[in-house]
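Colleague: Compute the structure for the input listed below.
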Amino acid sequence: MFMPTLMPSLSLVAPAVSSENDAVPVEIRAVIDLFTTHLAKVAFPDVDAASLRKLADDLRAAAKQVAVARDALAAASAAMDARLATLTEAASRAVAYARIYGEAQADRHAIIAALDNLEPPAAPSQPSASGKRRGRPPKKRESAELFDVAPSEVPA
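Modeller: Numbering: from 1, shown residues only. Predicted coordinates for the structure are as follows:
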């Protein structure tokens, strides 16, 4: 059962949000528009134009928080990747120094053995942003046979 209410004309409609960046799905925005225009004077027990707009605004605010959190995560991931690259470089230098030290000390065979058992530090992977290779495509190499002329075909 619906209860019509006398609501003033809604000239103060929420500002339009770009539909491509709006967290509120198009179908729900259409329902809100319906309640803002044709059903502006109708209110159901827990649903009316104002409550729908409030819920949509709450969703938009939550979406902004998610965007901020994603940006913070991306920045933290980039900082972590940079620190991993620095640590990997330092670990590679440490292994090189230790190898030189171990080879210079005749009685340090255990150091060389331990270094030989180490796996080299892997360079951090850096995926490209687009996933595509950059630069020119490799040249196609033609076989020399394509340009060779058989002795029987040489004009006399």
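
Colleague: which stretches of this protein have low pLDDT?
Modeller: The model of the chain has pLDDT under 70 over residues 1-19, 123-156.

Colleague: would you list every one of the helices in it?
Modeller: Using DSSP state H, the helices of the chain run over residues 26-36, 49-104, 109-117.

Colleague: most neighbours per residue, which of the ones you listed?
Modeller: Of all those, helix 26-36 carries the top mean neighbour count, a mean of 14, counting by mean count of other C-beta atoms under 10 Å. Bear in mind the C-beta positions are built from the backbone N, C-alpha and C, glycine included.

Colleague: how many degrees apart are that helix and helix 49-104 in direction?
Modeller: With axes from the mean of the first three to the mean of the last three C-alpha atoms, to 10 degrees applied, the angle from helix 26-36 to helix 49-104 works out at 150 degrees.

Colleague: what's helix 26-36 packed up against?
Modeller: Applying 3 or more C-beta pairs under 8 Å, 6 or more residues apart in numbering; DSSP states H and E, one finds that helix 26-36 contacts helix 49-104.

Colleague: Please name every helix or strand in contact with the helix it packs on.
Modeller: Contact analysis of helix 49-104 by 3+ C-beta pairs under 8 Å, 6+ apart lists helix 26-36, helix 109-117 as its packing neighbours.

Colleague: would you turn the helices of the chain into a markdown table with distance to residue 42?
Modeller: Converted to a markdown table, these look like this (distance: least, C-beta to C-beta, whole Å):
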| stretch | distance to residue 42 |
| --- | --- |
| helix 26-36 | 7 |
| helix 49-104 | 9 |
| helix 109-117 | 77 |
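
Colleague: Which of the helices and strands packed on helix 49-104 sits closest to residue 67?
Modeller: Comparing the helices and strands packed on helix 49-104 against residue 67 with C-beta to C-beta, the closest turns out to be helix 26-36 (19.0 Å).

Colleague: For residue 20, which of the helices of the chain is the nearest?
Modeller: If you check each of those against residue 20 by C-beta to C-beta, helix 26-36 wins as the nearest, at 10.3 Å.
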